[in-house]
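*Asks:* Need a 3D model of the following:
(one chain, ligands or ions: 3)
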Amino acid sequence: MGTLQAQIDPHRLPRHIAIIMDGNGRWAKNKGYLRAIGHENGVDALRKVATASARLGIHYLTVYAFSSENWNRPKSEVNTLMGLLVSSLSKELKTLLENDIRLRTIGKVENLPARAQRELQEVIERTRDCQRMDLTLALSYGSKEEITEGVRHLAAQVEKGQLKAANITQEHLAQALYTASMPDPDLLIRTSNERRISNYLLWQIAYAELYFTPKLWPDFGEEDLHQAVLDYQNRERRYGKISEQLKSQ
Ligand code: IPE
Ligand code: IPE
Ligand code: MG
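*Replies:* Residues are numbered from 1 along each chain as shown. Ligands and ions are numbered 1, 2, ... in the order given. Sure, this is the predicted structure:
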């Protein structure tokens, strides 16, 4: 067991970790490689972090793999990323099964190429009964779009007379999002020294602890994950209360 891992309190783990996996392009550039090589190494980092998370006892890991805004990248890069998604899915199935990890997605998956949708469906189906951890890929995901769709769904229920506008609660909206069946993230990690959310899980991270690291995603590994969890465990989640109220609970 690593020295960092030994310091982690297994009873106070974040239930749900969300990650903005950023910096593949800069990692490649620094080394004089094509951006595509950065993305390939990003997949390796994801495999390491996902298996380390499952081993640690994390129940939900939700990673930003492709944003709705990423469609605006050069066509060749979008094609590379979609190709990598397809090739990685079949390759990683074994790792997922061995580690008892269930694959899920959030986002407008219907916008992905048909081949990617088929591969996703296949891996989701094959890992359906895995129970240790849910690994959710955010693909063609945008939070504002997700919330807008959720509002549209509730408005349609109001139009049909199934719901009264005055009775809409936070729970209704939460249930209309892609993440309906998951707890909110406790910890949000972003790599590559950027301190922004980039349209990721805006509603769900209302009370998440934010962790920013200069590490570029392909360099982020198990030790970095443990560091982030330790940092999380050293924070006091007050939810609007004062420190003394928490101690007396
Ligand atoms: C993250 O790395 C991967 C995706 C957004 C798909 P980037 O490709 O954004 O890498 P940088 O930010 O250009 O370094
Ligand atoms: C966010 O990274 C999306 C993913 C990691 C998939 P970006 O690199 O696209 O974010 P911005 O554009 O720098 O905010
Ligand atoms: Mg980036």
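
*Asks:* residues in contact with stretch 184-194?
*Replies:* The contact list for stretch 184-194 (CB atoms under 8 Å, 6 or more residues apart in numbering) reads 14-23, 26, 60, 62, 196-197, 200-201, 204-217, 220, 228-229, 232. Placement of C-beta: from N, CA and C, glycine included.

*Asks:* list the contacts for the residue in the chain that ligand 2 sits nearest to?
*Replies:* Residue of the chain nearest ligand 2, by CB to the nearest ligand atom: S198 (3.6 Å). Listed by CB under 8 Å, 6+ apart, the contact partners of S198 are 20, 22, 64, 67, 69.

*Asks:* Where does it sit: helix, strand or coil?
*Replies:* Following DSSP: H, G, I helix; E, B strand; the rest coil, S198 is assigned to coil.

*Asks:* Ligand 1 contacts on the chain?
*Replies:* Counting by CB under 6 Å from any ligand atom, the chain comes close to ligand 1 at 21-26, 66, 70, 81, 192.

*Asks:* from the residues you listed, which two are the most distant?
*Replies:* The most widely separated members of these are R26 and F66, with 17.5 Å between them, by CB to CB.

*Asks:* What is the burial count for L112?
*Replies:* Applying other CB atoms under 10 Å, we find 20 residues neighbouring L112.

*Asks:* where's it relative to E125, distance?
*Replies:* 16 Å (CB to CB, to the nearest Å).

*Asks:* ok, now A138?
*Replies:* 20 Å.

*Asks:* Please identify which of those two sits among more neighbours.
*Replies:* Each of A138 and E125 has its neighbours counted (other CB under 10 Å); A138 has more, 26 against 9.

*Asks:* quick one: pLDDT of that one?
*Replies:* pLDDT for A138: 99.

*Asks:* Also Y141?
*Replies:* At Y141, pLDDT is 98.

*Asks:* Pull the contacting residues for the residue lying closest to it once chain neighbours are set aside.
*Replies:* Distance criterion CB to CB, 6 or more residues apart in numbering; nearest residue to Y141, sequence neighbours excluded, is G107 at 3.2 Å. The contact partners of G107, by CB under 8 Å, 6+ apart, come to 66, 68, 137-142, 146, 178.

*Asks:* On the three-state scheme, L137 is what?
*Replies:* On the basis of three-state DSSP, L137 is classed as strand.

*Asks:* what bridges to it?
*Replies:* Here L137 sits in beta bridges with V63, T105, going by DSSP bridges.

*Asks:* give me the number of residues near it?
*Replies:* 23.

*Asks:* still on that earlier bit, so between R26 and F66, which is more surrounded?
*Replies:* Between R26 and F66, counted using other CB under 10 Å, the more crowded position is F66 (21 against 16).

*Asks:* what does the helix or strand K91 falls within contact?
*Replies:* Using DSSP states H and E, K91 sits within helix 75-98. By CB under 8 Å, 6+ apart, the residues outside helix 75-98 that reach it are 35-36, 39-40, 43, 47, 50-51, 65-66, 70-71, 73, 101-103, 112-113, 115-116, 119-120, 122-123, 126-127, 130, 135, 139.
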